[in-house]
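Peer 1: Build me a model from this:
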Amino acid sequence: MQKKDQVFLYIKDEIKKISSAEEKEILDEAKAIEQEAYNQLRGEAEIDAKHQLDKELAEISSKASIEASAQLEERLKKLVEKREEYVQTIFTEVKNKLVEFVNGKDYKDYLLTHVKAVSDEYQMTDCVLYVRKDDLKYADDLKKAYALPIEVEEGQQIQLGGFIIENKATNVVVDESLDSNLEAQKDWFYKTSGLMIK
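Peer 2: Below is the predicted model of the structure:
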């Protein structure tokens, strides 16, 4: 399980490294857009105030508020799109690093170690171990690592790597797939990245 924690820490560190520079850029861009909108609205309001009667000023302020609201809404939409683009870029890079990992020399040991750890922790029999198609070549080694009777089958939902163990009798599922772990990291990233748009 310690190797799993190292992978999670590695994923977390990669996300932090990739996102910190992009986070600053987004925040700077948001501040610049906000200042630009403020300056634009203030300038328009001052010009209108000098040239209009009180009644016309109230009408123009109302219209300006509607326009400002629409402009602000449009800018917010653009910021959200930009944020999603950055997040997509970050997680594409992380996914590429995971693909490199599963195609590397350390992946088989990682897989076997985690299967053994789950076996030691849960001690479940009458189970199916689902892996990605490319990992079926490790079926015999995975069965040995599990050390209890288990079937090894292809898991259609596993694209990156890792495994899912399902106990047929109790319907207990242990999801150690890199796919679901990466998805969980997205939730963590949204909560902790500082890329919230208010």
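Peer 1: So which residues of the chain form strands?
Peer 2: 127-131, 150-154, 163-167, 173-175 (DSSP state E).
Peer 1: So which of these is the most surrounded?
Peer 2: Of all the strands of the chain, strand 127-131 has the most neighbours on average by mean count of other Cβ atoms under 10 Å, namely a mean of 21. The C-beta positions use only the backbone N, C-alpha and C, and glycine is treated the same way.
Peer 1: can you tell me how far the residue nearest to residue 12 when sequence neighbours are not counted sits from residue 75?
Peer 2: Nearest non-adjacent residue to residue 12, counting by Cβ to Cβ, 6 or more residues apart in numbering: residue 185, 7.0 Å away. As judged by Cβ to Cβ, to the nearest Å, residue 185 and residue 75 stand 29 Å apart.
Peer 1: list the contacts for residue 13?
Peer 2: By Cβ atoms under 8 Å, 6 or more residues apart in numbering, residue 13 lies in contact with nothing.
Peer 1: Tell me how far it lies from residue 185.
Peer 2: Distance from residue 13 to residue 185, by Cβ to Cβ: 11 Å.
Peer 1: same deal with residue 176?
Peer 2: Counting by Cβ to Cβ - residue 176 and residue 185 are separated by 14 Å.
Peer 1: Settle it for me: which of these two has more neighbours?
Peer 2: residue 176 (20 against 17; other Cβ atoms under 10 Å).
Peer 1: Contacts only, for the more buried one.
Peer 2: The contact partners of residue 176, taken as Cβ under 8 Å, 6+ apart, are 4, 114, 118, 162, 163, 164, 165.
Peer 1: go on, residue 98?
Peer 2: Contacts for residue 98 (Cβ under 8 Å, 6+ apart) come out as 11, 160, 161, 178, 182.
Peer 1: From those, keep the buried residues only.
Peer 2: 11, 160, 161, 178, 182 (16 or more other Cβ atoms under 10 Å).
Peer 1: Give the closest residue to the first one in space, chain neighbours not counted.
Peer 2: If I follow you right, that is residue 11. Residue 11 sits nearest to residue 185 (Cβ to Cβ, 6+ apart), 5.6 Å away.
Peer 1: isn't that neighbour right up against residue 18?
Peer 2: No - the criterion here is Cβ atoms under 8 Å, and residue 185 misses it with residue 18 at 11.8 Å.
Peer 1: Now for the two: what residues contact both?
Peer 2: Contacts common to residue 185 and residue 18, judged by Cβ under 8 Å, 6+ apart, are residue 94.
Peer 1: For the residue nearest to residue 132 when sequence neighbours are not counted, give me phi and psi.
Peer 2: Leaving aside its chain neighbours, residue 132 sits nearest to residue 158 (4.4 Å; criterion: Cβ to Cβ, 6+ apart). Main-chain dihedrals, residue 158, degrees, to the nearest 10: phi -100, psi 110.
Peer 1: ok, residue 158 - contacts?
Peer 2: If a contact means Cβ under 8 Å, 6+ apart, then residue 158 has 130, 131, 132, 164, 177, 178, 179 as its contacts.
Peer 1: again, 6 Å this time
Peer 2: Residues counted as contacts of residue 158 (Cβ atoms under 6 Å, 6 or more residues apart in numbering) are 132, 177, 179.
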